[in-house]
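**Q** With the input below, show me the fold.
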Amino acid sequence: MSLELRHYTHVEPVRQTIVDVHVEVRQRDLGLTGPFYSADRFNERLSGHSSAPGWEAVLAYDGGEPAGFAYATPLGPDTRWWAAMTTPLPDGYTVETGKRTLALNEIVVRRPWRGTGLAQRIHEELLAGRSEERVTLLVNPTAGDGKVQAVYERWGYQKIGEQQPFPDSPVFASMMRTPLKQSAR
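**A** Numbering: from 1, shown residues only. Okay, here's the model as predicted:
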C-alpha cells in the first residue's frame, strides 16, 4: 500500500470523487438510506461547507485510486453549527471567531482500506496544518453499534452534547477535541 495524501482548498477538482466515495460508503457499505443520505443532499452540504473561508480537504490515494477523505471548515462568527444543540453548553462555549473551532464535517474511508489506520492518518494530516484551538464533529452514536464514536474517543474527542442539524438527520453526538493537536501516544 503506497498511500499519498493530498491537500485541497478548492472543492471543484475533487467534488465528484468526494461525492462518489461518500455515496459508496454511506449508502452501499453502511446501508444508510433516505433523503438525508442522498448524493444530491450530500452535494448540497458539500457546497455549503466548501464555500466557507478556510475549507480544506485531505484525500488519500493508493496508486491513483481514492481510498478516503476528510474535510473541515472553521466556524465563523455567524455559524449555525451550535443552533441545533439539544443540550445547553456553558456560557461562551459557542462563541466563534473563525479561528477558534474547526468543524470536521466528514471523514470517510473505503472498505479495502478500513482497519489500516488510514482514517486516523487522514484526520491527523488534516489537523496538522491548522491553527484553530479545537476541533468538533458530529457522529451518529448508533453507527457501528457505537464503535465509530468510540474511535473518536480514542482520538481524544469527548462528547459535549447532542444535536439534530436537519429535521431528517439523525440525532448526533456532538464531540470536541481540545487542543486541536494531540501529542503522540
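
**Q** only C-alpha atoms for contact and neighbour calcs from this point on.
**A** OK.

**Q** what helix or strand does the spatially most central residue of the chain sit in?
**A** Residue closest to the average C-alpha location in the chain (CA atoms, centre = their mean): E106, at 2.6 Å. Using DSSP states H and E, the element containing E106 is strand 101-109.

**Q** Doesn't A119 belong to a helix?
**A** Yes - according to DSSP: H, G, I helix; E, B strand; the rest coil, the state of A119 is that of a helix.

**Q** thought it was touching V108?
**A** Yes - between A119 and V108 a contact is recorded at 7.2 Å, counting by CA atoms under 8 Å.

**Q** and for the two, which residues touch both?
**A** G68 (CA atoms under 8 Å, 6 or more residues apart in numbering).

**Q** just to revisit the earlier point, thought the residue nearest to the centre of the chain was touching A70?
**A** Yes - between E106 and A70 there is a contact under CA under 8 Å: 5.3 Å.

**Q** Give the burial count for L102, as a bare number.
**A** 27 (other CA atoms under 10 Å).

**Q** Please apply the same query to P13.
**A** 10.

**Q** what's the burial count for I122?
**A** I122 has 24 nearby residues by other CA under 10 Å.

**Q** Assumed it was part of a helix.
**A** Yes - counting by three-state DSSP, I122 is found in a helix.

**Q** Was I right to think it contacts V58?
**A** Yes - assessed by CA under 8 Å, I122 is found in contact with V58 at 6.5 Å.
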